[in-house]
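*Asks:* based on what follows, work out the 3D shape:
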Amino acid sequence: MISIWKKELRSSLFSVIGFLYLAASVFFFGIYFYVMNLYGGSAHVNYAYASVVYLFSITIPILTMRTFAQEFRDRTDQLLFTAPVSLRSIVIGKYLACVTLFLIPVVVAAAFPLILTGYGDVAVAEAYTTLLAYILYGLAAIAIGIFLSSLTNNVVVAAVLTAVVLFIGYTMGGFGELLGVSFLKKFFDAFHLQARFLVMENGVISLRSVLYFLSIAAAFMIFTVLRLQRGRGGNRNTLKKRILWILATVVCVAGLNIGAAFLPDRVTEFDVTMREFHLLTENTKKFLDGLTEDVTVFVYKKEADADINTVKMLKNYAEYPHVTVEYVDPELSPRFPMKYVANGFSEGSLVVTSDTAFRVITQESIYTYTDAGMAEYGAAPDGFDLEGLLSSAIDYVTTERIPMIYQISGHGELLLSGNFLEALNRENVKLHEISLVSSGSIPKDADCVLILAPKEDYSPAEITALREYMDGGGHLYLLLQWTEERQKNLHGLLGEYGIEVQNGIVSEQDYDLYFQEPYYLVPEIRSTTATDALAGNIALTAMSLGLRSTDPAVETILKTTEQAYLKKNPTEAETTGKEEGDEVGEYLLGVFRQWTVDLTPDTAAEGTGRITRESQLAVFGSPYMTQDAIDEYISGMNRKLFIELMGHMVTRPALIYVPTKTYSVQYVVVSNSDALFFGIILSGVIPGVLLVIGVTIWILRRRR
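*Replies:* Model prediction:
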């Protein structure tokens, strides 16, 4: 068997066909990884692996078509069959040679998740589970291809047969759906290879799928041995015995798989993506360490019947001295919910109480779903949100004063929404919308003001209102956006605080600092008075105006390299790349300034203690800094930056925002240069080198 394996492997590696298979496989792996993960920003490498599976109908025939068909064509089969090696060893040796060649591109593909981990949180478990499923699918497909190669002496016919059978196996489930007959659907599903792969694609190791693929591989290996026994004189079985062997194999494979179908999921399926959701984040630990008021968390469920993740997390909360957890049996206290909510709430809900306030966390809100209403159909949740809800509730019932934040409208501004609005609500602040045109001034109870990307300039009266607010110790968070007509009044106000606005879109020439397009910038968050906790992380800005500082008191949060350029008229630009007339230089993308304001009345007697407050101003050139569509690509870092600044401006003692703990991650940000580098290496250089090696070997052998 070992000698056959070595001979077949050597034969493949000394022919152009073997290297053609290697080059094609690495190319397809690399191109899907580049498009979906490096350029597309998906953190799920399993999507790239899954996309390559349908190409088995192309790559596997290349790998297996020569195994026996060429032996029959070249009439070397009798020499092979008369060798002092059993037919079983011959078949296994050839099979292992094909498997070895098959696994070489898989080893290259196995590095993909490791490459991507340098750019964010990657779904590693899902990736390697999918790769395992890919290998198992490949083992079955190779066995099928070798069997079909043993049926003919024409290599092309063997390849076509294998391609057709594998394509049917990939699409078999669709035939059952079209027929709509239950019995026939089950029949077709039994041959649906892709269905078993899909079970394992998202991080679930299914022993049923493992058994299915391995049993299919073993069955076709047995079929191949039985087929070849006809060509070996003294060891030839009768037709009757071969039929009995085939029937026994089919019955055995069917019995094993049918029996596995009756086993419970808990012993056949293992979710390797499950994370320790009950562990508390550092934000929550810091918040609970500073808690000074007693809080009781009532769980409307018997502890023995409660959700396991909820029970584990509540045990961690109960370790802190000011938090008590109590379980309420619904059977013994059926009217318990009426104490808090007139219509009651469902079992499994929580009530967080203090001496002065309470908040209800419904059981339905603890887990999140991608699509609303999916819980009604028994769909699996995609996130666990208890920590964020519970920490926010504890903060709410122990807070004496709720901060007030106003967002200004009336000039085409964006309004806070989506995940950013939810995050701000978790901080237990009140958000109100106001118009300076009608109000004439900023309310005195404003802890912070938001201005999100106005499309029109502010009037002199409105600028005066903003100036008076800032001079009184106010806090302003401002996003800008490009407009054809410069917003002179608003930009002029910023100039008074040392921030000069360049009315043009900033782009980068440095491939390492932009994502997909030159105006999608990925600068590093710098340490400032307000952002020290996030320093070193990467933010994502888009279509940003350029800022410059004229005062050393202005601190830089985000900035470009000196190779950046400014497009003053982006609507007239012919390309996103640098053009003649674009101003090259370093631009600031986000800045922060804090200064002390003297509020001591002019009428105060000499020697009276001074009254001061801190004014704070955060300005970003991009209108997309609070947009979910951009934030998703950066794993929520823009949102964290926003909440960090809000927490600093409303002087909260500790941030309590905790994002939903998701079962899977979504996006990573890979700079354009890195994406191109890995894309060229994986889908160009490596396949090209393999192909050149194969052609070179073929030419040298022909010359001999």
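*Asks:* pLDDT weak spots in the stretch 351-500 of the chain?
*Replies:* Segments of the stretch 351-500 of the chain classed as low confidence (criterion: pLDDT under 70) are 370-382.
*Asks:* again with the stretch 601-704 of the chain
*Replies:* 601-610, 651-657, 663-666, 704.
*Asks:* quick one, strands of it?
*Replies:* Under the criterion DSSP state E, counting those that start in this stretch, strands of the stretch 601-704 of the chain are mapped to 612-620, 661-662.
*Asks:* now the first one: buried residues?
*Replies:* Of the residues in strand 612-620, those buried under the neighbour-count criterion (16 or more other CB atoms under 10 Å) are 615, 616, 617, 618, 619, 620. All C-beta spots, glycine's among them, are computed from the backbone N, C-alpha and C.
*Asks:* same check, this time on stretch 477-488
*Replies:* 477, 478, 479, 480, 481, 482, 486, 487.
*Asks:* who are the contact partners of the second one?
*Replies:* Counting by CB atoms under 8 Å, 6 or more residues apart in numbering, residue 478 touches 450, 451, 494, 617, 618, 619, 620.
*Asks:* ok, the third one next?
*Replies:* Residues counted as contacts of residue 479 (CB under 8 Å, 6+ apart) are 414, 451, 452, 453, 619, 620, 622, 623, 625, 626.
*Asks:* redo that, cut-off 6 Å
*Replies:* 452, 453, 620, 623, 625 (CB atoms under 6 Å, 6 or more residues apart in numbering).
*Asks:* what strand or helix carries the closest residue to residue 690 other than its chain neighbours?
*Replies:* Distance criterion CB to CB, 6 or more residues apart in numbering; nearest residue to residue 690, sequence neighbours excluded, is residue 23 at 4.1 Å. Element membership for residue 23 (DSSP states H and E) is helix 16-33.
*Asks:* quick one: average pLDDT of whatever helix or strand comes next after that helix?
*Replies:* Counting by DSSP H and E, the next helix or strand C-terminal to helix 16-33 is helix 45-53. Here helix 45-53 scores 89 as its mean pLDDT.
*Asks:* just use 5 as the starting number from now, easier for me
*Replies:* Understood, numbering begins at 5; the last thing we discussed is helix 49-57.
*Asks:* ok, residues contacting the following helix or strand past helix 49-57?
*Replies:* Moving toward the C-terminus from helix 49-57, the next helix or strand (DSSP H and E) is helix 60-68. The contact list for helix 60-68, computed with CB under 6 Å, 6+ apart, reads 25, 28-29, 102, 145-146, 149-150, 153, 163, 166-167, 170-171.
*Asks:* now helix 60-68, how far from the centre of its chain.
*Replies:* 31 Å (CA atoms, centre = their mean, to the nearest Å).
*Asks:* and after that helix, which helix or strand comes next?
*Replies:* Going down the chain from helix 60-68, the next helix or strand is helix 73-77, by DSSP H and E.
*Asks:* pLDDT on the longest strand along the chain, on average?
*Replies:* Secondary structure of the chain per DSSP state E: the longest strand is strand 592-602. Mean per-residue pLDDT for strand 592-602: 91.
*Asks:* okay, buried residues for it please.
*Replies:* For strand 592-602, a neighbour-count test (16+ other CB under 10 Å) marks 592, 593, 594, 595, 596, 597, 598 as buried.
*Asks:* could I get those in a markdown table, plus columns for distance to residue 353?
*Replies:* Shown next, in a markdown table, are the buried residues of strand 592-602 (distance: CB to CB, whole Å):
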| residue | distance to residue 353 |
| --- | --- |
| 592 | 48 |
| 593 | 44 |
| 594 | 41 |
| 595 | 45 |
| 596 | 41 |
| 597 | 45 |
| 598 | 42 |
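*Asks:* pull the most distant pair out of those.
*Replies:* Within those, 593 and 598 form the most distant pair, 18.7 Å apart (CB to CB).
*Asks:* determine which two of the contacts of residue 482 are furthest apart.
*Replies:* Spatially, the most separated pair among the contacts of residue 482 is 454 and 498, at 15.4 Å (CB to CB).
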